[in-house]
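Student: no letters, just coordinates:
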Ligand code: ZN
């Protein structure tokens, strides 16, 4: 079975659950190491820039994120480091809203223009179960909020200002920079 076929699609009730947090022992287990490796593989095969454990049916607070400038799904983005995020907590540092056309491997074929706060502090545990704190801004802030939403049962479509800004990506040759309609 190909990785992308393992990804649950909108409508699956597992995508709507609040995930359980990890203990430090669980984070350091061989089983979790294998899970992280599988998530990177599935994400790469599907051409994504982030993947959350609930998207493959595991209702636990784990997400992986890596922005890739070679991405075919997202243009004009810069490479980022590889983030492995357990048990995240988000704090908004700048409430100014910024919008991007988001896509989701669990909502194939669609894009939606979603506005979210532009700068946040994220506290989480990394794959060594060590506490980390980072500041994310701009597109990376949107990606973090999108992926971490998955851990709490939300999808980007819940965040749409207007359903008019939900479109099939095949219907337009270039994803517009701005929203289509209010
Ligand atoms: Zn998603």
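Tutor: Perfect, thanks for sending it. Here the structure is a predicted model, which is why all the values come from computation and not from measurement.
Student: ok, then the element right after the strand ranked longest in the chain?
Tutor: Assignment by DSSP state E gives strand 83-102 as the longest strand of the chain. For strand 83-102, the following helix or strand on the C-terminal side (DSSP states H and E) is strand 110-125.
Student: tell me the contacts of the most centrally placed residue in the chain?
Tutor: By C-alpha atoms, centre = their mean, the chain has its centre lying nearest to residue 147, at 2.4 Å. Residue 147 makes contact with 50, 51, 52, 63, 65, 85, according to C-beta atoms under 8 Å, 6 or more residues apart in numbering. Using the backbone N, CA and C atoms, a C-beta is placed for each residue, glycine as well.
Student: what is the subsequent helix or strand relative to the helix or strand encompassing it?
Tutor: Taking DSSP H and E as the definition, residue 147 sits inside helix 138-150. Proceeding N to C from helix 138-150, the next assigned helix or strand is strand 166-168, under DSSP H and E.
Student: for that next one, packing partners?
Tutor: strand 110-125 (3 or more C-beta pairs under 8 Å, 6 or more residues apart in numbering; DSSP states H and E).
Student: avg pLDDT for the strand it packs on?
Tutor: Across strand 110-125, pLDDT averages out at 97.
Student: buried residues, it. List them.
Tutor: By neighbour count on 16 or more other C-beta atoms under 10 Å, the buried set for strand 110-125 is 110-120, 122, 124-125.
Student: chain center to that strand: distance?
Tutor: For strand 110-125, the gap between its own C-alpha mean and the chain's C-alpha mean amounts to 9 Å (C-alpha atoms, centre = their mean, to the nearest Å).
Student: angle of it against helix 138-150?
Tutor: 80 degrees (axes from the mean of the first three to the mean of the last three C-alpha atoms, to 10 degrees).
Student: helices and strands around strand 110-125, which ones?
Tutor: strand 83-102, strand 131-137, helix 138-150, strand 166-168.
Student: swap the cut-off to 6 Å and go again
Tutor: strand 83-102, strand 131-137, helix 138-150 (3 or more C-beta pairs under 6 Å, 6 or more residues apart in numbering; DSSP states H and E).
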